[in-house]
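A.B. asks: For reference, the sequence and a predicted model appear below.
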Amino acid sequence: MIKLYVAILNDKDGVYSLENITDNDEWTKVKDAMRKIAKDGQQVLNNKED
């Protein structure tokens, strides 16, 4: 089991801060990105076995 922490990185005049994701659209983007990474990673593993 892997824990993944996700946040929005804000840059205000060189000072960085993290902000919680509260928007459903942002969560959808995060989930889509994780699915793509998982799918692409599986394809890479499958190609290495050939």
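C.D. replies: Sure thing, it's come through. Numbers count the residues shown, from 1 in each chain.

A.B. asks: Can you tell me the SS state at the spatially closest residue to Asn10 that is not a sequence neighbour?
C.D. replies: Spatial nearest neighbour of Asn10, excluding adjacent residues (C-beta to C-beta, 6 or more residues apart in numbering): Ser17 at 4.9 Å. C-betas here are computed from N, CA, C, even on glycine. Following DSSP: H, G, I helix; E, B strand; the rest coil, the label given to Ser17 is strand.

A.B. asks: Would you confirm that Ser17 contacts Ile8?
C.D. replies: No - between Ser17 and Ile8 there is no contact, the gap being 9.1 Å when judged by C-beta atoms under 8 Å.

A.B. asks: Need the per-residue pLDDT for the residue nearest to Asn10.
C.D. replies: Note for Ser17: predicted pLDDT of 97.

A.B. asks: burial measure for it, as a count.
C.D. replies: 10 (other C-beta atoms under 10 Å).

A.B. asks: One more: Asn20?
C.D. replies: 9.

A.B. asks: Show the contacting residues for it.
C.D. replies: Ala7, Ile8 (C-beta atoms under 8 Å, 6 or more residues apart in numbering).

A.B. asks: switch to 6 Å and redo it
C.D. replies: Residues counted as contacts of Asn20 (C-beta atoms under 6 Å, 6 or more residues apart in numbering): none.

A.B. asks: could you pull out the helices for this protein?
C.D. replies: Taking DSSP state H, the helices of the chain run over residues 24-49.

A.B. asks: Point out where it drops to low pLDDT.
C.D. replies: 44-45, 48-50 (pLDDT under 70).
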